[in-house]
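[1] Curious how this folds, go ahead:
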Amino acid sequence: MKLIPTGIENFKEMIDKNAYYVDKTNLIIDVLNEQVVFCTRPRRFSKTLNMSMLYYFFSIKEKENAYLFDYLNISKNKNALKDQNKYPTIFISLKDMTKSSYEKQMNRFKEVICLCAKNFLELLNSDILLDSEKKLFQKYVDNEIQDNELESALFNISYFLYK
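    Sure thing, here's the model as predicted:
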């Protein structure tokens, strides 16, 4: 008997548990064909699940999970499969950003940046990054950034991964 996935937000968990899944892998084609994709949906409308699916498809760190897409629509698109597991991919969710004050919210966002950076510790050993870039990245890893540095944190991490 198939599982009815109530509250499952992780794509891998859903596929591995053989839960009912409405195949939304055509979203991957939309992402590949557009410069910007803006996903707005009401609460509880699978935004996090869709972002998780995109992460497992594109992330270079998830090659061992390529099987998740074997029987889904995207597996029939040979052009799209050329991009599978080829990119450093940042996956963050802001759904837990529900703190009661500005200060607590800023601290929570710093934690989000810290966790994001910790997923890419290999950047600290990169020969491509400048020492100053490694120093800044280490600040993200250590959660030692100031409020005014948050504005550019995701941009910087993305740039470092791009390099």
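
[2] Helices of this structure, start to end?
    Along the chain, the segments classed as helices by DSSP state H run 11-16, 26-33, 47-58, 78-81, 102-118, 131-141, 147-150, 153-162.

[3] Enumerate the positions of the fifth one that are buried.
    Using 16 or more other Cβ atoms under 10 Å as the test for burial, helix 102-118 gives 109-110, 112-114, 116-117. In short, each C-beta sits where N, CA and C put it, glycine included.

[4] Just name the closest of those to Lys63, please.
    Using Cβ to Cβ, Cys116 comes nearest to Lys63 of those, at 20.1 Å.

[5] my read: that closest one touches Ser158, true?
    No: checked against Cβ atoms under 8 Å, the pair Cys116 and Ser158 is beyond contact range at 9.9 Å.

[6] Of the helices of the chain, which stretch is the most buried?
    Mean neighbours per residue, mean count of other Cβ atoms under 10 Å, is largest over the helices of the chain for helix 47-58, with a mean of 20.

[7] Could you tell me the angle between it and helix 26-33?
    Per axes from the mean of the first three to the mean of the last three Cα atoms, to 10 degrees, the angle that helix 47-58 makes with helix 26-33 is 60 degrees.

[8] Give me the neighbour count for Val36.
    Look at Val36: counted by other Cβ atoms under 10 Å, it has 5 neighbours.
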